[in-house]
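Trainee: quick one, fold the following:
(chains A, B, C and D)
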Protein chains: 2
Amino acid sequence: MSNDTTQPITPPRMADVAELAGVSKMTVSRVLAGKSVSQKTLQRVLEAIDSLGYVPDASAGTLSSGHSEFIVALVPSLMSSNFADTIRGLNDVVRENGLCLLLGDTGYQPDQEALLVRTLLRHRPEGVMLTGSSHLEITRKLLRQAEVPVVETWDASSDPIEQSVGFCNAEAAAAMVRHLHARGYQRIGFIGGASALDVRGQQRRTGYLQAVSSLALGAPRLMEYGESPITMSHGGESIGRLLDKWPDTDAVMCVSDLSAFGAIMQCHRRGLKVPDDIAIAGFGDFEVSRFCTPTITTVAVAPYAMGRRAGEMLLVSAKNRREGVPRPKQVCVTGYQVLQREST
Amino acid sequence: MSNDTTQPITPPRMADVAELAGVSKMTVSRVLAGKSVSQKTLQRVLEAIDSLGYVPDASAGTLSSGHSEFIVALVPSLMSSNFADTIRGLNDVVRENGLCLLLGDTGYQPDQEALLVRTLLRHRPEGVMLTGSSHLEITRKLLRQAEVPVVETWDASSDPIEQSVGFCNAEAAAAMVRHLHARGYQRIGFIGGASALDVRGQQRRTGYLQAVSSLALGAPRLMEYGESPITMSHGGESIGRLLDKWPDTDAVMCVSDLSAFGAIMQCHRRGLKVPDDIAIAGFGDFEVSRFCTPTITTVAVAPYAMGRRAGEMLLVSAKNRREGVPRPKQVCVTGYQVLQREST
DNA sequence: TTGAAAGCGCTACCAT
DNA sequence: ATGGTAGCGCTTTCAA
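Mentor: Below you'll find the model as predicted:
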């Protein structure tokens, strides 16, 4: 009968490895850190680690060294493939450098963001990636006091907390309006969410309004409806409302490809041809916009690249902090591109 | 001229708070843990915390208490909205209970999974969520040795490492084939990825093969092509190949709604009507399948619910571990449902 | 190349 | 209700 005790068995510690290998803890520590030890010692230590199944305790290491090897990332929503791509880019860089990702989902709630920042700062991350440039003052204060490297993404902020990587959402949306106008459309509407918390959506709306105004396209045709995150169902409902209100609309730009797709499907059901009866454009270059019929004219941004860049900026900044090098504010403006496809 | 020094300022520690409040560290610790202290003391401590901007150090707490308050989650891909939903469900539960999510992306690579497990185990998580039930022996061993609560998701494993929550992918796929057959389709094909590493995709293929065999539908029409994660482009290319090989196919089931969508769009381009000329079904009930034209017949699973359930199981298991209560193996089978829509 | 000692910031435990 | 003491398991620093 085997001794099947259930009481907590403490996992092996570094001292156990040291004893088994016949060396001191320090030597084991050096092996783990990849520092130079003699060939023979290395061998013995590795064997001991292996035979004990030793896994170093990160909290002890962090406490002692002052380096957590954590990067925190906060996104408004885990559901959007756009933010997921940014996380993926960040994670790739983070993993390549042996760090870990601590993820938080703010649900587009600034107070939730503040709460997450406060909670996650306890782990003394080496860097924090935020989404957008709009944050509560308490959030900024917590970050400032922690002196932690911060990079804001998805928005080319003019006054970042520290660094930012992104584009101007208003400008990109305006570019789409100008593009539609250049193709001959005159009565251009906009479909977006009703939530003021979706700052990037609001910025795109602002860009639309500015472009409509400067092109003298008449009164704006603004349909704001539904909560973020914007989904496909959003587009179907919104286009109906917009056309009810302004039946002679000849083109619509949507705050997201997802709602553009929903809008197109709804038009088809209503017997409207896209783009012959009405043109519909999206934003974000989601996968669906490349594969649906008609393919959707959109604005490509670079979510994955933003994530990677954010990771790189964070790592440089973390290094500078360790070395006491000053960290100037920095804005990295990424490009966007209007992609003309079949829907306009 | 302000004293703009760049040298690292150590953040306030608990002792600083204690001193300012005129109490001992222990009292501060109790306040933070929400334990009972006198009203007056509480007030003073909270004020001190606030005025210093004190943020407790999690690594010190973890080292001392033995509790990390981390939950680790490993997914094959951050891009799939299905896995993102599971993460969201898990994260919601995790956050509701004040813990943090450590996220890892295995890229469908078992060795990457093992590496992540090894790395993340250093943080002594209170629980680990894995995707699928197929893992390297080293992964299982690391997890077993750590005695950490583990739950595998997306697969009703008959022999879980500890717990599992999911459904039988083969059975669900077979149910779809039977559904198609019941609607009168006879020459049913299957489109999936070519990668053996996508275990759930392979299981669905197995289910297809079993159903085709038991229904005596003749030789299987199997098109395996492309790498995971399966995307929309996958479906377009695969359907072409499948129809080239077996032109009289009357129905196709795809390993994912995304490839089903791609396949349908490709059919439209070829002038084939769906479902009149060919029926196409998907798997997973992605958003696109509810909104495209025709809407796509699919198998709904419950990604978000699986994530939540996994989180709950993990927390219970973590509590049991703390209290020395034995943790029996446990399999939670979640449902699936064939949704008949327009595409079949 | 290796080792011994000190201590990182917190919590458990036992006093008072 | 509150405080003192003793570590948690590592890395840093200095010495050999």
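Trainee: which parts of the stretch 1-150 of chain A sit against DNA strand C?
Mentor: A:23-27, A:30, A:36-38, A:40-41, A:60, A:63-64 (CB under 7 Å from any atom of the strand). In short, each C-beta sits where N, CA and C put it, glycine included.
Trainee: filter the residues you listed down to the ones close to DNA strand D.
Mentor: Restricting those to those touching DNA strand D (CB under 7 Å from any atom of the strand) yields A:25-26, A:60, A:63-64.
Trainee: between those residues, which is closest to residue B:159?
Mentor: In terms of CB to CB, no member of these lies closer to residue B:159 than residue A:60, at 34.5 Å.
Trainee: now do the contacts for that closest one.
Mentor: By CB atoms under 8 Å, 6 or more residues apart in numbering or on different chains, the residues touching residue A:60 are B:59, B:63.
Trainee: mind running it again at 6 Å?
Mentor: Each residue near residue A:60 by CB atoms under 6 Å, 6 or more residues apart in numbering or on different chains is listed here: residue B:63.
Trainee: strands of the stretch 1-150 of chain A, start to end?
Mentor: Applying DSSP state E, counting those that start in this stretch to the stretch 1-150 of chain A gives strands spanning A:70-75, A:100-105, A:127-131, A:150-153.
Trainee: so which elements touch whatever helix or strand comes next after the last one?
Mentor: This points to strand A:150-153. For strand A:150-153, the succeeding helix or strand toward the C-terminus, using DSSP states H and E, is strand A:163-166. With contacts defined as 3 or more CB pairs under 6 Å, 6 or more residues apart in numbering or on different chains; DSSP states H and E, the packing partners of strand A:163-166 are strand A:150-153, helix A:303-322, strand A:330-333.
Trainee: and the last one, what does it pack onto?
Mentor: Contacts of strand A:330-333 with other secondary structure elements, assessed using 3+ CB pairs under 6 Å, 6+ apart, are made with strand A:163-166.
Trainee: residues near the residue in the stretch 101-250 of chain A that DNA strand C sits nearest to, how many?
Mentor: As assessed by CB to the nearest atom of the strand, DNA strand C sits closest to residue A:122 within the stretch 101-250 of chain A, at 8.4 Å. By other CB atoms under 10 Å in any protein chain shown, the residues close to residue A:122 number 18.
Trainee: just the pLDDT for it.
Mentor: pLDDT recorded at residue A:122 is 97.
Trainee: got a list of what it touches?
Mentor: B:55-56, B:58.
Trainee: follow-up on the earlier one: report the two of the residues of the stretch 1-150 of chain A next to DNA strand C separated the most.
Mentor: Longest span within these, CB to CB: A:40 and A:63, 31.4 Å.
Trainee: now, of the ones next to DNA strand D among the residues of the stretch 1-150 of chain A next to DNA strand C, which are buried?
Mentor: Among those, those classed as buried by 16 or more other CB atoms under 10 Å in any protein chain shown are A:60, A:63.
Trainee: which of the ones next to DNA strand D among the residues of the stretch 1-150 of chain A next to DNA strand C fall within helices?
Mentor: Using DSSP state H, the subset of those located in helices is A:25-26, A:60, A:63-64.
Trainee: which of the residues of the stretch 1-150 of chain A next to DNA strand C scores worst on pLDDT?
Mentor: Minimum pLDDT across these falls on residue A:36, with 86.
Trainee: can you tell me how far that one is from chain B?
Mentor: Going from residue A:36 to chain B by CB to the nearest CB, to the nearest Å gives 23 Å.
Trainee: DNA strand D versus that residue, what's the distance?
Mentor: As judged by CB to the nearest atom of the strand, to the nearest Å, residue A:36 and DNA strand D stand 13 Å apart.
Trainee: neighbours around the residue lying closest to that residue once chain neighbours are set aside, how many?
Mentor: Spatially, and ignoring its direct neighbours in sequence, residue A:36 is nearest to residue A:30 (7.6 Å; CB to CB, 6 or more residues apart in numbering or on different chains). By the criterion of other CB under 10 Å, residue A:30 has 17 neighbours.
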